[in-house]
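# Sequence first, predicted model second:
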Amino acid sequence: MKLSLHNLIEIKSGLSNKRIFRKYEDKFSKIIIDFSNDEKEFFNFLNTYNILKKTNVSIPKIYDVYLKEYIIVMEDFGNNTFDTLLDDNELYNLLKLSIDNLIYIQNSLTSEDITKLEMYSYAKFKIEISELIEYYIPFRKINNFPTNLFYEYWEDIFKSQRFQFESFVHKDYEFINLILIDKNIKHLRCGIIDFQSAFRGFIGWDLFTILENPRIYFTRKYNEKLIKYFYKNTNINLKFSTFINQYYLLNLGRHTRLLGRWIKLYNVNNNPIYLQFLDVTQKRISATLNHIQSQKIKEFYKKYISNNV
């Protein structure tokens, strides 16, 4: 079947290489995703879709797949992304609904399902945090930054913590990728999109992604309660003290990478919105450092990174 390109409206696609369109047909609409600029994301999206279909969560149905063009036609969940619904009265409910979905995913998937995803590693982590060195350090004009020591500290953490990268991770599990849809069962009202970057990693990764939003700064007053709720209701093979320590370390690593990523995107697009994201991310790092047990990492960040705003 040939894909009709009439009545297409392009939608902003965030930071990905993919292009997203909405196609109207009579009273209905479909979403068309063009992965032609990133074939790996195309196949990872399809792989993740097949994995998530086994869980009791809401993901858009795929109607058609065009393998030669790297295009997917799928169900349209609408525009009610959680970030557009966010206010002080709804924050807790949106966070709780998001986390209930995570619990369903983690408790539904088997180890066989998880092994179909690429495993996270220190090598991948090092590539990600290198964006701090390449973009953020020059932007802030931080002189004599000890790059080798920076990598050494993080490598020591990975060796000592022995992270268990054996769980499903969406990676971009944020309010912009969650959509409120009309379903009778409560947790099914949270539609999940944009899962082409999923991998096999730390079980709490998507939890800190939703609680420590790098684009929108909101209160952290619910974090402790919701972290314990997630831990209690998920099959986690770690002591809580170990889990929470690794949670904050990897959260710090993610935000470290984002400091560099925002500057990279600002340089490319010349859009001041990325500097706003930078400010939010910096605040998240400062808050996270209060929970870091490693004095070496804590002192390093306070000296070279968190105070250079």
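Everything's here; your move. Since we're looking at a predicted model, the values are computed, not measured. Numbers count the residues shown, from 1 in each chain.
# for the helix or strand that contains Phe208, what is the average pLDDT?
According to DSSP states H and E, Phe208 maps onto helix 205-211. When pLDDT is averaged along helix 205-211, the result is 98.
# Break down the chain into its helices, ranges please.
Remark: helices assigned in the chain by DSSP state H are 39-52, 82-85, 91-108, 111-114, 122-131, 137-140, 147-161, 205-211, 223-233, 240-269, 273-289, 295-304.
# So which bits of stretch 90-101 are buried?
Residues of stretch 90-101 classed as buried: 91, 94-101 (neighbour count, 16 or more other C-beta atoms under 10 Å). In short, each C-beta sits where N, CA and C put it, glycine included.
# got any ranges where the protein has weak pLDDT?
1-6, 13-16, 307-309 (pLDDT under 70).
# domains in it, as residue ranges please.
Per the record, the chain has its domains at 8-75, 82-304, by automatic domain parsing.
# distance between the shortest one and the chain's centre?
Think domain 8-75. 18 Å (C-alpha atoms, centre = their mean, to the nearest Å).
# before we move on, the earlier item: so which residues make contact with the helix holding Phe208?
95, 98-99, 102, 167, 169-175, 220, 222-223, 226-227, 230, 247-248, 250-251, 254 (C-beta atoms under 8 Å, 6 or more residues apart in numbering).
# Of those, select the buried ones using a ChimeraX command.
Under the burial definition 16+ other C-beta under 10 Å, those of the contacts of helix 205-211 that qualify are selected in ChimeraX by:
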select :95,98,99,102,167,169,170,171,172,173,174,175,222,223,226,227,230,247,248,250,251,254
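# wait, what's in contact with the closest residue to Ile157 other than its chain neighbours?
Using C-beta to C-beta, 6 or more residues apart in numbering and skipping residues adjacent in sequence, the residue nearest Ile157 is Leu249, 6.1 Å away. Contact partners of Leu249, counting by C-beta under 8 Å, 6+ apart, are 157, 161, 292, 294, 297.
# Now restrict those residues to buried residues only.
By 16+ other C-beta under 10 Å, the contacts of Leu249 give 157, 292, 294, 297 as buried.
# how about TSV for those, with distance to Asn237 added?
TSV is the format used below for the buried ones among the contacts of Leu249 (distance: C-beta to C-beta, whole Å):
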residue	distance to Asn237
Ile157	20
Ile292	23
Ser294	23
Ile297	25
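# returning to what we had before: got JSON lines for the buried residues of stretch 90-101, with distance to Asn17 too?
Below are these laid out as JSON lines (distance: C-beta to C-beta, whole Å):
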{"residue": "Leu91", "distance to Asn17": "32"}
{"residue": "Leu94", "distance to Asn17": "28"}
{"residue": "Leu95", "distance to Asn17": "29"}
{"residue": "Lys96", "distance to Asn17": "33"}
{"residue": "Leu97", "distance to Asn17": "30"}
{"residue": "Ser98", "distance to Asn17": "26"}
{"residue": "Ile99", "distance to Asn17": "29"}
{"residue": "Asp100", "distance to Asn17": "31"}
{"residue": "Asn101", "distance to Asn17": "26"}
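# Out of the residues you listed, which comes closest to Phe77?
Asn101 (13.5 Å; C-beta to C-beta).
# picking up where we left off before, let me know the closest of the buried residues of stretch 90-101 to Ile203.
After measuring the buried residues of stretch 90-101 against Ile203 - C-beta to C-beta - the closest member comes out as Ile99, at 12.6 Å.
# before we move on, the earlier item: among the buried ones among the contacts of Leu249, which pair sits farthest apart?
Ile157 and Ile292 (9.9 Å).
# Mind listing what's buried along stretch 147-158?
150, 154, 157-158.
# same question, stretch 273-292
274, 277-278, 280-289, 292.
# Turn those residues into a markdown table, including distance to Arg261.
Listed next are the buried residues of stretch 273-292 as a markdown table, based on distance: C-beta to C-beta, whole Å:
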| residue | distance to Arg261 |
| --- | --- |
| Tyr274 | 9 |
| Phe277 | 9 |
| Leu278 | 9 |
| Val280 | 13 |
| Thr281 | 9 |
| Gln282 | 13 |
| Lys283 | 16 |
| Arg284 | 14 |
| Ile285 | 13 |
| Ser286 | 18 |
| Ala287 | 19 |
| Thr288 | 17 |
| Leu289 | 19 |
| Ile292 | 21 |
